[in-house]
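Enquirer: structure for this input, please:
(chains A and B)
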Protein chains: 2
Amino acid sequence: MSGNTNQVLALAGGVGGAKLAAGLQQLKGGDLIVLVNTADDFEHLGLHISPDLDTVMYTLAGRANKSQGWGLEGETWSFMDQLEGLGGPTWFRLGDRDIATHLLRTQKLAEGIPLSLVTQDLCRAFGVKAKVLPMSNDPVRTIVHSGDLAISFQEYFVRLACGPVVDQLEFRGASSAKRNDEIVGLKASSLDAVVICPSNPYLSIDPILHVPGMRRWLKDQNVPIIAVSPIVAGLAIKGPAAKIMRELGHEPSAKAVAEHYRDLIDGLMIDTSDAGLAAQIEELGIEVRVTNTIMKSNSDRAVLAEAVLRFSSDLKKP
Amino acid sequence: MSGNTNQVLALAGGVGGAKLAAGLQQLKGGDLIVLVNTADDFEHLGLHISPDLDTVMYTLAGRANKSQGWGLEGETWSFMDQLEGLGGPTWFRLGDRDIATHLLRTQKLAEGIPLSLVTQDLCRAFGVKAKVLPMSNDPVRTIVHSGDLAISFQEYFVRLACGPVVDQLEFRGASSAKRNDEIVGLKASSLDAVVICPSNPYLSIDPILHVPGMRRWLKDQNVPIIAVSPIVAGLAIKGPAAKIMRELGHEPSAKAVAEHYRDLIDGLMIDTSDAGLAAQIEELGIEVRVTNTIMKSNSDRAVLAEAVLRFSSDLKKP
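Expert: Below is the predicted model of the structure:
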């Protein structure tokens, strides 16, 4: 842990974003704030499920299931086996351990406790050092428009395995959602850097940026905003980002990511395999740093986090 | 399955009652109706839990956990392990498989489906032949009064392990509960027998009898009402029945059970070990039959069920 009391704010969605957040946590400990997408949240079997909050929380706790890419390590599946036997819905898989998170969250929300406090309690119970904040305590729900269909996000993502062509993404509820109180209440100059983690720009980061006032607030922090490209060599490390970019009319590349974040970011970290795109991205008025962005180990995470913070520091106005 | 289309109604609570119900189901199949105590129901972690309905359902499905005395066979405990690690409440143990029942029930109740239909759906999914009915779709909750304390039933039964002295039992909500519609709607003369299973008379059967109109309706069926004593040789086969009887001022015995049901039953089946009490019970105007009432095997259940139905048949007015 550095002696630096200045905080770092990371915006994150699922797996890729959570990995970089874990790297940042190795460096910043409790001085890391992770602002997490909640537009993937949904109700299933009466449970309030927050997939991105859980992925971030489990990853920061060192409890994420590595082979599976979601859920908890050491998971068992008796509940699902039983549910299947009873003819219940099995398209969304709930592990026996995972259900503890969902039940505790759902019960507390039903008691009127806001999602941010529920998340704080869960993170404390999991031993997470960083502060994990949902982007808003108000419900925002991603709807995938495909032809005449309006598909709720988990239906699209899990049940339909991202099959339908995405014509448009809607973040229902976003326009009336309030920014998380704790973000609103952060003291001026308390942030040292803003990092947009390598999460899906369209599905994970855009919902956060659609919360009214969020972009303005990020700009007003007056610190460099650095994104890490989730697209490497024209491919997404994980998930449907490349497919969605193509469907929305953009050739998937680190450059397209730069264009997408153009009005927001000061710097973009791209992978060494995309070094050839650096000049084109810099023409957009965005600083570029090239490094290995693929995180296979815990130390890869810390190394990338360190590079991101150094980049940010270098970009600071003197 | 007999060719008899006449139905048998059994009143039951937990384990002992469920065993006799399973014996009756072996003989009557779908012509058995089991009316089950729901005054033990409670909300836990946001789940609607119906312990007696579940014990009856699991037992009739042949899926009850025999060594444990409650819950499902082949159960696993990852959820509880996780919940404990998160500092959640662990005094009420929820198995991973069991949670499927609770989640499906809770979700359907939240959708406004009455408990009787939810129970019917669950029983169908479990392959239960008999018709299992909650005593009422309205909430009734047993409160144990002990000194100045008013203790909710599961707190008393599980958390406090039946430790506090019972001064009085209250069935909160009973006076405004409606009898289950399907009981109300049973055609006249469709019942062949009413059997009060060897469940706790105070905690399991009394709540059913406290639903307004229930005693009158049972009497009006004009068929013998037979109880099987849950007290054998002054002891309860399982659970706190003997302790509670003593605390409420009755020496636990098959005779005290007879006195308790005096105004309702026509016959009482008592265990061979209590044969010496037969004459005293008959003096109360209750017919007695002596047999082995301890059910260790599936065939014990059927043999006792057969004896109960024969007793009932013998008591029928010609």
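Enquirer: in this structure A:Ile294 contacts A:Asp271, no?
Expert: Yes: contact criterion C-beta atoms under 8 Å: A:Ile294 and A:Asp271 qualify, at 6.7 Å. C-beta: built from backbone N, CA, C; applies to glycine.
Enquirer: and the helix-or-strand element of chain A with minimal mean pLDDT, what does it pack against?
Expert: Within chain A, no helix or strand scores below helix A:181-184, which has a mean of 73 by mean pLDDT, DSSP states H and E. Helix A:181-184 sits against strand A:131-134, with contacts defined as 3 or more C-beta pairs under 8 Å, 6 or more residues apart in numbering or on different chains; DSSP states H and E.
Enquirer: name every strand pairing with the strand it packs on and say which way it goes.
Expert: Applying DSSP bridges, strand A:131-134 is found paired with strand A:32-36 (parallel).
Enquirer: how far off centre is the strand it pairs with?
Expert: A distance of 9 Å separates the centroid of the chain from that of strand A:32-36, by C-alpha atoms, centre = their mean, to the nearest Å.
Enquirer: more neighbours: A:Ile294 and A:Asp271, which one.
Expert: A:Asp271 (20 against 15; other C-beta atoms under 10 Å in any protein chain shown).
Enquirer: could you list every residue that touches the more buried one?
Expert: Applying C-beta atoms under 8 Å, 6 or more residues apart in numbering or on different chains, we find A:Asp271 in contact with A:Ser229, A:Val232, A:Ala233, A:Ala254, A:Val290, A:Thr291, A:Asn292, A:Thr293, A:Ile294.
Enquirer: count the neighbours of the fourth one for me.
Expert: When counting by other C-beta under 10 Å, one arrives at 30 neighbours for A:Ala254.
Enquirer: still on that earlier bit, buried subset of the contacts of A:Asp271?
Expert: A:Ser229, A:Val232, A:Ala254, A:Val290, A:Thr291, A:Thr293 (16 or more other C-beta atoms under 10 Å in any protein chain shown).
Enquirer: among the residues you listed, which one lies nearest to B:Gly112?
Expert: For these, the residue nearest B:Gly112 by C-beta to C-beta is A:Ser229; the value is 48.4 Å.
Enquirer: I'd say that closest one and A:Asp274 touch.
Expert: Yes: under the criterion of C-beta under 8 Å, A:Ser229 makes contact with A:Asp274 at 7.1 Å.
Enquirer: intersection of neighbour lists for these two?
Expert: A:Ala254.
Enquirer: quick one, phi/psi of A:Cys123?
Expert: The phi/psi pair for A:Cys123 (degrees, to the nearest 10) reads phi -60, psi -40.
Enquirer: show me the contacts for it.
Expert: A:Met57, A:Leu60, A:Ala61, A:Ala130, A:Lys131, A:Val132.
Enquirer: mind running it again at 7 Å?
Expert: A:Met57, A:Val132 (C-beta atoms under 7 Å, 6 or more residues apart in numbering or on different chains).
Enquirer: before we move on, what's the pLDDT of A:Lys316?
Expert: As predicted, A:Lys316 sits at a pLDDT of 87.
Enquirer: give me the nearest residue to it, chain neighbours excluded.
Expert: A:Pro224 (6.2 Å; C-beta to C-beta, 6 or more residues apart in numbering or on different chains).
Enquirer: which residue does the stretch 201-318 of chain A have closest to chain B?
Expert: Residue nearest to chain B within the stretch 201-318 of chain A: A:Asn298 (21.6 Å; C-beta to the nearest C-beta).
Enquirer: next, count neighbours for that residue.
Expert: When neighbours are defined as other C-beta under 10 Å, A:Asn298 has 13 of them.
Enquirer: just the pLDDT for it.
Expert: 94.
Enquirer: got phi/psi on it?
Expert: phi -60, psi -40.
Enquirer: ok, the closest residue in space to A:Ser50 that isn't next to it in sequence to A:Arg141 distance?
Expert: The shortest distance from A:Ser50 to any residue other than its chain neighbours is 4.8 Å, reached at A:Asp41 (C-beta to C-beta, 6+ apart). According to C-beta to C-beta, to the nearest Å, A:Asp41 stands 7 Å off from A:Arg141.
Enquirer: again with A:Val223
Expert: 31 Å.
Enquirer: ok, those two, which is more surrounded?
Expert: A:Val223 (24 against 18).
Enquirer: contact partners for the more buried one?
Expert: A:Leu191, A:Asp192, A:Ala193, A:Val194.
Enquirer: pick the one among these closest to B:Ile183.
Expert: Nearest to B:Ile183 among the contacts of A:Val223 is A:Val194, at 64.4 Å by C-beta to C-beta.
Enquirer: can you confirm the closest one is in a helix?
Expert: No: the assignment for A:Val194 by DSSP: H, G, I helix; E, B strand; the rest coil gives strand, which leaves it out of any helix.
Enquirer: what sits closest to it if chain neighbours are left out?
Expert: What sits nearest to A:Val194 in space, not counting adjacent residues and going by C-beta to C-beta, 6+ apart, is A:Ile225, at 4.4 Å.
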